[in-house]
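A.B. asks: for reference, the sequence and a predicted model appear below.
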Amino acid sequence: MMSKLELITFGRAAVDLNATEYNRPMEETMTFTKYVGGSPANIAIGTSKLGLKVGMIAKVSDDQHGNFVINYLKKSGVDSQYIKKDTQGRKTGLTFTEIKSPEECSIVMYRENAADLYLSVDDFDDDYIKNAESLLISGTSLSQSPSREAAFHAIDVAKKSGVEVIFELDYRPYTWKSKEEISIYMTAVARMADIVIGTRDEFDIMEMNINFDDEASAKELLEYTPRLIVIKHGVKGSRAFTKDGEVIEGTIYKTKVLKTFGAGDSFASGFIYALKKNKSIKEALQYGSASASIVVSKHSSSEAMPTIQDIENLINSHEG
Ligand SMILES: Nc1ncnc2c1ncn2[C@@H]1O[C@H](COP(=O)(O)OP(=O)(O)O)[C@@H](O)[C@H]1O
Ligand SMILES: O=C(O)C[C@@H](O)[C@H](O)C(=O)COP(=O)(O)O
């Protein structure tokens, strides 16, 4: 029997096509390099590379792109038995990235009829979740049915079995129908989760621009299930808030930035790994930040994920 999974990520496994030529708009970019992408897939790869036992629940296209994603996840050590192939011809999502300058990056997602949003409750076995330590849900999987119901079911199974639920807000402005819908579903899951991670902008979207303030956002959620809220602020770092009123500041490791995307998924990977290894929240923020610093200096969001040695070398080189 397989040993217990420490983490299952749920949702999008897709393809990133990152501009090979930097410092130009997408209109003028002629070549792209292909990587596995999709926030939950990136986090599965990142945490697996750090040494956690990780599985993923996802749905990809039944074609060469789906094969590429599954093969890469397997090669990265991610248990892929519940990465299903869509039987109705739906496609693996594609993300094209533009690197105009290290500070000016953007992404264009092709997600019409994306296979991951058709992940359904029939695509996985409840026991798979029951036997894991943690389940990571990405906000995008809530944007459309049947993936939305599948996510709520997965959370329900996790909660009934004492499996920790981590919610990565992962807001993408695709496939949602209205601001109210985003807020309703994201808030419902955030209130049920044990740990919530998101950028300040993502909290603003979830809250429909009510708080604009980390303390207020954290206070509101900490009255429900969550024990830990992490609010990220890009180059300004991050802040963690605990149920017993602790506020922990996370700083950044300055680096030569190649592109800005990938920071969130690598941060989550380092942060979750450190928590699993019983590091303090302060240390977990350092691991997340070091991991992100390494990934923003490289070309991809998945292949660039650091090893534990890379992260600890970076942290140690700044000690004192
Ligand atoms: N330019 C950067 N240089 C070094 N670290 C960065 C940089 N941008 C982000 N990070 C790190 O990555 C974390 C997450 O970045 P952020 O941009 O807030 O998330 P997201 O990528 O999800 O939008 C930050 O809290 C910080 O630790
Ligand atoms: O999540 C996606 O589908 C796209 C990602 O694979 C892409 O690399 C990206 O945008 C990463 O973003 P971030 O980690 O949230 O900065």
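C.D. replies: Structure's in. What do you need? Ligands and ions are numbered 1, 2, ... in the order given.

A.B. asks: check contacts around the residue in the stretch 51-200 of the chain that ligand 2 sits nearest to.
C.D. replies: Ligand 2 sits closest to Thr95 of the stretch 51-200 of the chain, with a gap of 4.3 Å, by C-beta to the nearest ligand atom. Quick note: C-beta positions are derived from backbone N, CA and C, even for glycine. Applying C-beta atoms under 8 Å, 6 or more residues apart in numbering to Thr95 gives the contacts 14-17, 37-38, 107-110.

A.B. asks: mind redoing it with 7 Å?
C.D. replies: Taking C-beta atoms under 7 Å, 6 or more residues apart in numbering as the criterion, Thr95 is in contact with 14, 16-17, 37, 107, 109.

A.B. asks: least confident of these?
C.D. replies: By pLDDT, Ile107 ranks lowest within the contacts of Thr95, coming in at 93.

A.B. asks: distance of it from ligand 1?
C.D. replies: Distance of Ile107 to ligand 1, given as C-beta to the nearest ligand atom, to the nearest Å: 11 Å.

A.B. asks: rewinding a little: secondary structure class of the residue of the stretch 51-200 of the chain closest to ligand 2, three-state.
C.D. replies: strand (DSSP: H, G, I helix; E, B strand; the rest coil).

A.B. asks: export the longest helix seen in the chain as PDB, just CAs?
C.D. replies: Determined from DSSP state H, the single longest helix within the chain is helix 281-296. Extracted in PDB, the C-alpha atoms of helix 281-296 (Å, rounded to 0.1, in the frame of the first residue of the first chain):
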ATOM      1  CA  ILE A 281       5.200  30.400  11.000                       C
ATOM      2  CA  LYS A 282       8.000  32.900  10.800                       C
ATOM      3  CA  GLU A 283      10.300  30.200   9.300                       C
ATOM      4  CA  ALA A 284       7.500  29.100   7.000                       C
ATOM      5  CA  LEU A 285       7.200  32.600   5.600                       C
ATOM      6  CA  GLN A 286      11.000  32.600   5.100                       C
ATOM      7  CA  TYR A 287      10.800  29.300   3.200                       C
ATOM      8  CA  GLY A 288       8.000  30.600   1.100                       C
ATOM      9  CA  SER A 289       9.700  33.800   0.400                       C
ATOM     10  CA  ALA A 290      13.100  32.100  -0.500                       C
ATOM     11  CA  SER A 291      11.300  29.700  -2.800                       C
ATOM     12  CA  ALA A 292       9.500  32.600  -4.600                       C
ATOM     13  CA  SER A 293      12.800  34.500  -4.900                       C
ATOM     14  CA  ILE A 294      14.400  31.600  -6.700                       C
ATOM     15  CA  VAL A 295      11.500  31.100  -9.000                       C
ATOM     16  CA  VAL A 296      11.000  34.700 -10.100                       C
END
